[in-house]
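Enquirer: coords please:
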Amino acid sequence: MLQKNGQVLRHIEWSAFKLLNNDWAHVTDVRDILADANNIQQVFSSDKHPTLWRALPGLKQLLSAWEKKKADPHYALHAKALEAGIAKILKYYLMLDQRPAFVLAL
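Expert: Residues are numbered from 1 along each chain as shown. All right, here's what the predicted structure looks like:
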């Protein structure tokens with residue numbers, strides 16, 4: 001049911017939320033896209049060693065993976081989201097060479 005300010009606006013049956021096979025395929029695609037980002041995030045994960053030097057190669061790897069997915073017709077439904085993600089990563093990727101901390105880490 002949908003509620004606003006404690007008032008029931010509409011009752012929705014749970015069966016309305018059932019995912020069909022096609023829906024699960026989209027969920028799998030999104031999982032695959034997010035897995036790329038998760039794998040790169042793991043590159044930065046360390047309790048004992050500095051990892052800043054891995055930033056540029058990691059971001060480049062993520063950019064490459066998402067650009068390939070964006071060009072793949074299979075991921076056409078997610079092209080705008082991939083484009084937005086690529087733009088955000090590029091923003092920070094291009095800023096790294098202007099940061100003294102990153103230059104020192106190399």
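Enquirer: what ranges do the strands span in the protein?
Expert: 2-4, 7-10 (DSSP state E).
Enquirer: show me where this structure has helices.
Expert: With DSSP state H as the criterion, the chain has helices at 21-43, 55-71, 79-95, 100-105.
Enquirer: tell me the most buried of those?
Expert: For those, the largest average neighbour count (mean count of other CB atoms under 10 Å) is found in helix 55-71, namely a mean of 16. All C-beta atoms are positioned from the backbone trio N, CA, C, and that covers glycine.
Enquirer: what's the angle from that helix to helix 79-95?
Expert: Using axes from the mean of the first three to the mean of the last three CA atoms, to 10 degrees, the inter-axis angle of helix 55-71 relative to helix 79-95 is 160 degrees.
Enquirer: residues in contact with helix 55-71: which ones?
Expert: Judged by CB atoms under 8 Å, 6 or more residues apart in numbering, the contacts made with helix 55-71 from elsewhere in the structure are 32-33, 36-37, 40, 43-44, 75, 78-79, 82-83, 85-86, 89-90, 92-93, 96, 102, 105.
Enquirer: now that helix: average pLDDT?
Expert: Per-residue pLDDT values across helix 55-71 average out to 93.
Enquirer: got the angle for it vs helix 21-43?
Expert: When the same axes, to 10 degrees is applied, the directions of helix 55-71 and helix 21-43 differ by 170 degrees.
Enquirer: tabulate the CA atom coordinates of helix 55-71 in CSV.
Expert: Extracted in CSV, the C-alpha atoms of helix 55-71 (Å, rounded to 0.1, in the frame of the first residue of the first chain):
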residue,chain,number,x,y,z
ALA,A,55,43.8,5.2,-9.0
LEU,A,56,44.7,6.1,-12.6
PRO,A,57,45.0,2.5,-13.9
GLY,A,58,41.8,1.5,-12.0
LEU,A,59,39.8,4.4,-13.3
LYS,A,60,41.0,3.7,-16.8
GLN,A,61,40.0,0.1,-16.5
LEU,A,62,36.5,1.0,-15.3
LEU,A,63,36.2,3.6,-18.1
SER,A,64,37.2,1.0,-20.7
ALA,A,65,34.7,-1.6,-19.3
TRP,A,66,31.8,0.8,-19.2
GLU,A,67,32.6,2.2,-22.7
LYS,A,68,32.6,-1.3,-24.1
LYS,A,69,29.2,-2.0,-22.4
LYS,A,70,27.8,1.4,-23.7
ALA,A,71,28.8,0.4,-27.3
